[in-house]
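[1] need coordinates for the following:
(2 chains)
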2 protein chains.
Amino acid sequence: MKLPVSTEWLLHCTATLAQLEPGASASAAQLALYYDVPAAYLAKQLQELVKAGVLTATTGPRGGFRLARPASEITLLRIVEAVDGTSAPYECREIRQQGRGALAPEECRSICVLAEKMAEAHEAWRSSLAGVSLADVIATLPATAPARTRSRLASTRPS
Amino acid sequence: MKLPVSTEWLLHCTATLAQLEPGASASAAQLALYYDVPAAYLAKQLQELVKAGVLTATTGPRGGFRLARPASEITLLRIVEAVDGTSAPYECREIRQQGRGALAPEECRSICVLAEKMAEAHEAWRSSLAGVSLADVIATLPATAPARTRSRLASTRPS
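    Residues are numbered from 1 along each chain as shown, chains lettered A, B, ... in the order given. This is a model prediction of the structure:
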């Protein structure tokens, strides 16, 4: 059970964008330099976050990506599910209905108790991540962090 | 983020073994017929559960697998981690320390807040599964289920 390596990139990139001045944006190339990650793949992943309503893409010479909504309204769950999809890690293929031990269909109208417990665990994971917003993350950083982030990100802009 | 297909098999097989009479066991071949799953691969996975202390393997003509401890002491977490391993799905590769935005090592003595929140979510998932034992699962079945399970499992024994 593994999340893609890019999950870390996107969590960090969105946290970085959350530190920009209102209306400011950063390009995929800038963010790739900022974190030393592959620009083309990062750009694709940033587009997934646009589709998911986490980011807005702007065009023009100073164009790039910015948060599509306030940082307090973007949860870690939303970012992680935009990167990895929303399907649960446990798949129930109804093996209770196959083989010599097969239960009759009328005994399987309710969800299998094992699938139910696995789904509850996944919901516990989702709830935990849904309870943390980018604003919560930024609030844990030193007070000087956002200004430094903006200045270092500006240094990645082509001159 | 996906669990192996065999997770379902092993959750069901252990729940089946939890319904046997004390001291009774079932072979990999029997369980494979019971659920119509590949016997060789199932046998390997059952051995993983032996290593993890969930099952005991017995030899002899009536040999096979049985629970290594009371069903009340075997949690779903233990079974799932025996199948899939114990590593967390999110991997922090410390990208905060690389690229133009790299933080100094002395600023990274504490865990990254994003890694911390991802770890908390994984712990929520683990706690949920650690709170459900095989005995809890069996307790949800109809009172007639264990006798039927035993009888059908006996029908898979080579005569």
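
[2] contacting residues for A:Pro4?
    Each residue near A:Pro4 by Cβ atoms under 8 Å, 6 or more residues apart in numbering or on different chains is listed here: A:Val83, A:Asp84. Bear in mind the C-beta positions are built from the backbone N, C-alpha and C, glycine included.

[3] help me confirm that it is found in a helix?
    No. Counting by DSSP: H, G, I helix; E, B strand; the rest coil, A:Pro4 is not found in a helix; it is coil.

[4] quick one: it and A:Thr16, what's the gap?
    19 Å (Cβ to Cβ, to the nearest Å).

[5] run through chain A and note the low-pLDDT ranges.
    Regions of chain A meeting the criterion pLDDT under 70 cover residues A:159.

[6] that one: helices as residue ranges?
    Taking DSSP state H as the test, the helices found in chain A are A:6-17, A:28-35, A:39-51, A:76-84, A:113-130, A:134-139, A:145-154.

[7] show me what contacts the nearest residue to A:Pro146 once chain neighbours are set aside?
    Take A:Pro146 and drop its neighbours on the chain: the residue closest to it by Cβ to Cβ, 6 or more residues apart in numbering or on different chains is A:Gln19, 4.0 Å away. Counting by Cβ under 8 Å, 6+ apart, A:Gln19 touches A:Ile138, A:Leu141, A:Ala145, A:Pro146, A:Thr149, A:Arg150.

[8] next, A:Gln19: phi, psi?
    In terms of degrees, to the nearest 10, the main-chain angles of A:Gln19 are phi -100, psi 0.

[9] run a quick neighbour tally on A:Glu48.
    For A:Glu48, the tally of surrounding residues (other Cβ atoms under 10 Å in any protein chain shown) stands at 17.

[10] what of A:Lys51?
    Quick note: A:Lys51 (other Cβ under 10 Å) scores 9 neighbours.

[11] and for the one 4 residues further on?
    Residue crowding around A:Leu55 was assessed by other Cβ under 10 Å; the count is 26.

[12] that one contacts A:Gly64, correct?
    No. Taking contacts as Cβ atoms under 8 Å, A:Leu55 lies outside contact range of A:Gly64: 9.5 Å.
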